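# The sequence isn't on hand, but the structure is:
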Ligand code: TEU
Ligand code: CA
């Protein structure tokens, strides 16, 4: 709509630097590789790129452990390379946003090194330090039972100063003390203004609801009686001062007309979400809700004994919860199914069983994403229908700290029981964040064209790259890639319906077909998606207008819907 913020009808392409394009054959993607791929990125019809962390970091958590906000991880390049990239994007009419990771830093950040050096150091209070507790046997215990999101206690004992520090993620990611105004100022200057002044157009804000912890640091309720640590999300998410902090951040961002998209885990009520994204609240432009990507992942993400399923009704409800954010409100929302923490959408919500079903279901998912309201996000490789790592791969191919911690813990707890370790592998085939981190598949050359043929990529390329790659799909009118380009074009042309239209589900109870409408004042879309592997009948809802088929993923549509067939009608 006229006068709307620029980011509302933007399509954002997410880049995971390590796995996108390696320009110098060291096996690690880099900024020059991204610069050399900008023609490709532009050809997709996207408006913005989002770069996952490229800051200097020991890479314990792939750059989400930042050691220096004002420098670049040397294998990725330099600050100067970033300046060239920002400029190259802008010259093409692309915008660029960075990842803002400020709930925690790396333990190698100079702030933390100072903080841990002594109890009287001026930066002691920049992190969250607490004294030990002692049990009835006089044994030292952490301040509470909170479990780290990557497993184990969220508290780490520091031998030198004899206190514990908090780390909601890994040991090497100490949580910053946001209660300290001087610390907040340092974060705003170093992590935000430094890059805003270089011209970046906004940020994806990591774990945006965890900065303010509930100040009692109370024990979490015992959900897992076998463990000494407990999931404690409600005690560190959406704490009492979070909206005050986000207000301060917004004061800075609004000077630059910068957009923000916050990552909002563990927030399940509409009111809770609106507190972050209602325009009147002046907090964030939009957030990622987790309802859709959490489908079938189990309650606590890990320690699965059976793989939970999901139903199409659950998927519809998850889609609805993000669409409802803008229904009659002044808020904005997002559309996404993949990112660097999730398995591939084709493997999860479509089918990678046969090439035919893979291609068709990838296009069907593109039809769903392409017609839902909100800012659209496409994760690298999604546009060519990349799939999860092969089931046969062993633990040696997995690199993510979350996966490795999980596997090693299983090893310890079960005394290397091969049956339990096999189960752990099945869980990882389902849950691991690694699936989205395999190298981008550019062509059929050795290493998928990600790296030179003599290089050893930091992660093994998928064995299927000769069949699924950019080069092949660019030449093919019927490829997943060509289909995404078409959807991106249609999204611009029919923005009143696809980006802004009012969403309504027509078949809530149907467990095979998902039918929804998108309406503007003058016209409507009807989207019909067969999420099943079997033929399904369907009826066009009665209307006085003629429905015209705008786009579909089956060559010669019949009366009934083929497996994973989708159709979008305009009236
Ligand atoms: O993720 C935070 C988050 O809450 C989850 O998506 C998390 O990855 C998952 O629960 C682990 O099982 C963000 C980043 O996207 C992720 O890559 C980082 O590891 C994490 O923050 C810490 O910075
Ligand atoms: Ca490289």
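Received the coordinates, thanks. All values reported here derive from a predicted model rather than from experimental measurement. Ligands and ions are numbered 1, 2, ... in the order given.
# Going by the annotation, which residue ranges form each domain of the chain?
In the domain annotation for the chain, the residue ranges read 11-105+182-391+441-480, 110-166, 392-431, 502-570 (automatic domain parsing).
# If we ignore the residues flanking it in sequence, what's nearest the closest residue to ligand 2 within the stretch 301-450 of the chain?
Proximity to ligand 2, evaluated over the stretch 301-450 of the chain using C-beta to the ion, is greatest for residue 450 at 9.9 Å. From N, CA and C alone the C-beta is placed, and that goes for glycine too. Nearest residue to residue 450 in three dimensions, chain neighbours excluded: residue 439, at 3.7 Å (C-beta to C-beta, 6 or more residues apart in numbering).
# same question, residue 230
Nearest one to residue 230, counting by C-beta to C-beta, 6+ apart, is residue 220 at 4.1 Å.
# quick one, what contacts that neighbour?
By C-beta atoms under 8 Å, 6 or more residues apart in numbering, residue 220 lies in contact with 144-147, 230-232, 234-235.
# same question, residue 346
By C-beta under 8 Å, 6+ apart, the contact list for residue 346 reads 352, 358, 361-362, 365, 385-387.
# Among these, which ones are in helices?
Among the contacts of residue 346, DSSP state H puts 358, 361-362, 365 in helices.
# do the host helix or strand of residue 427 and ligand 1 meet at all?
Per DSSP states H and E: residue 427 is located in helix 418-431. No - Helix 418-431 lies apart from ligand 1 when judged by C-beta under 6 Å from any ligand atom; the minimum separation is 7.8 Å.
# Does residue 394 touch residue 424 like I think?
No - using C-beta atoms under 8 Å as the test, residue 394 is too far from residue 424 to be in contact (11.4 Å).
# which of these two has more neighbours?
residue 424 (23 against 7; other C-beta atoms under 10 Å).
# all helices of the stretch 401-550 of the chain, in order?
Listed in chain order, the helices found in the stretch 401-550 of the chain under DSSP state H, counting those that start in this stretch are 401-413, 418-431, 470-474, 480-493, 495-498.
# Confirm that residue 171 sits in a helix.
No - counting by DSSP: H, G, I helix; E, B strand; the rest coil, residue 171 falls outside a helix, being coil.
# What residues does this structure have near ligand 2?
For the chain, the residues in contact with ligand 2 (C-beta under 5 Å from the ion) are 22, 24, 26, 28, 30.
# what number of residues lie near the residue lying closest to the second one once chain neighbours are set aside?
When you say that, I think you mean residue 24. Spatial nearest neighbour of residue 24, excluding adjacent residues (C-beta to C-beta, 6+ apart): residue 30 at 6.7 Å. Residues near residue 30, counting by other C-beta under 10 Å, number 24.
# Kindly report the same for residue 228.
Residue 228, neighbours per other C-beta under 10 Å, totals 12.
# roughly how far apart are it and residue 420?
Counting by C-beta to C-beta, to the nearest Å, the gap from residue 228 to residue 420 is 20 Å.
# And residue 221, by the same measure?
Applying C-beta to C-beta to residue 221 and residue 420 gives a distance of 27 Å.
# So between those two, which is more surrounded?
The neighbour comparison of residue 221 against residue 420 (other C-beta under 10 Å) goes to residue 420, with 15 against 11.
# give the contact list for that one.
Neighbours of residue 420 in contact, by C-beta under 8 Å, 6+ apart: 410, 414.
# how about a cut-off of 10 Å?
305, 410-411, 413-414 (C-beta atoms under 10 Å, 6 or more residues apart in numbering).
# ok, now how distant is it from ligand 1?
20 Å (C-beta to the nearest ligand atom, to the nearest Å).
# next one: residue 164
Residue 164 is 20 Å from ligand 1, by C-beta to the nearest ligand atom.
# cool, and residue 432?
If you go by C-beta to the nearest ligand atom, the gap between residue 432 and ligand 1 works out to 9 Å.
# Chain neighbours aside, what residue packs nearest to that residue?
Leaving aside its sequence neighbours, residue 432 sits nearest to residue 403 (C-beta to C-beta, 6+ apart; 4.6 Å).
# tell me which element residue 97 is part of?
Residue 97 is part of strand 95-100 when elements are defined by DSSP H and E.
# State which one residue of the stretch 351-500 of the chain is found closest to ligand 2.
Residue of the stretch 351-500 of the chain nearest ligand 2, by C-beta to the ion: residue 451 (7.4 Å).
# Now do the same contact list for the closest residue to that residue other than its chain neighbours.
Distance criterion C-beta to C-beta, 6+ apart; nearest residue to residue 451, sequence neighbours excluded, is residue 22 at 4.0 Å. Applying C-beta under 10 Å, 6+ apart to residue 22 gives the contacts 28-30, 32-33, 75, 439-440, 447, 449-452, 455, 457-458.
# Select, out of the helices of the stretch 401-550 of the chain, the one closest to residue 571.
Comparison of those against residue 571 by C-beta to C-beta identifies helix 495-498 as nearest, at 10.3 Å.
# contact partners of that closest one?
1, 4, 8-9, 335, 369-374, 376, 487, 490-492, 501, 517-525, 527, 550, 568, 570.
# Give me the neighbour count for the nearest residue to residue 386 once chain neighbours are set aside.
Setting aside the residues directly before and after it, residue 386 is nearest to residue 344 in space (C-beta to C-beta, 6+ apart), at 5.6 Å. Look at residue 344: counted by other C-beta under 10 Å, it has 24 neighbours.
# coming back round to it: dump the helices of the stretch 401-550 of the chain into TSV; add mean pLDDT and distance to residue 125 as well.
Shown next, in TSV, are the helices of the stretch 401-550 of the chain (pLDDT from 0 to 100; distance: least, C-beta to C-beta, whole Å):
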stretch	mean pLDDT	distance to residue 125
helix 401-413	92	28
helix 418-431	92	37
helix 470-474	98	50
helix 480-493	98	48
helix 495-498	98	48
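# any chance of these in JSON lines, with distance to residue 197 too?
Rendered in JSON lines, the data for these read as follows (distance: least, C-beta to C-beta, whole Å):
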{"stretch": "helix 401-413", "distance to residue 197": "32"}
{"stretch": "helix 418-431", "distance to residue 197": "39"}
{"stretch": "helix 470-474", "distance to residue 197": "34"}
{"stretch": "helix 480-493", "distance to residue 197": "31"}
{"stretch": "helix 495-498", "distance to residue 197": "32"}
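# how about the residue in the chain positioned nearest to ligand 1, what does it touch?
Proximity of the chain to ligand 1 (C-beta to the nearest ligand atom) peaks at residue 64, 3.3 Å away. Residues near residue 64 by C-beta under 10 Å, 6+ apart: 52-53, 55, 57, 99, 101, 103-104, 106, 169-170, 173, 206-207, 340-341, 401.
# Strands of the stretch 51-200 of the chain, residue ranges please.
55-56, 68-72, 95-100, 129-130, 133-134, 140-141, 155-158, 163-166 (DSSP state E, counting those that start in this stretch).
# Format these as JSON lines; extra columns: mean neighbour count and distance to residue 285.
JSON lines is the format used below for the strands of the stretch 51-200 of the chain (neighbours: other C-beta atoms under 10 Å; distance: least, C-beta to C-beta, whole Å):
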{"stretch": "strand 55-56", "mean neighbour count": "23", "distance to residue 285": "22"}
{"stretch": "strand 68-72", "mean neighbour count": "18", "distance to residue 285": "21"}
{"stretch": "strand 95-100", "mean neighbour count": "24", "distance to residue 285": "10"}
{"stretch": "strand 129-130", "mean neighbour count": "17", "distance to residue 285": "34"}
{"stretch": "strand 133-134", "mean neighbour count": "11", "distance to residue 285": "42"}
{"stretch": "strand 140-141", "mean neighbour count": "14", "distance to residue 285": "42"}
{"stretch": "strand 155-158", "mean neighbour count": "18", "distance to residue 285": "34"}
{"stretch": "strand 163-166", "mean neighbour count": "22", "distance to residue 285": "29"}
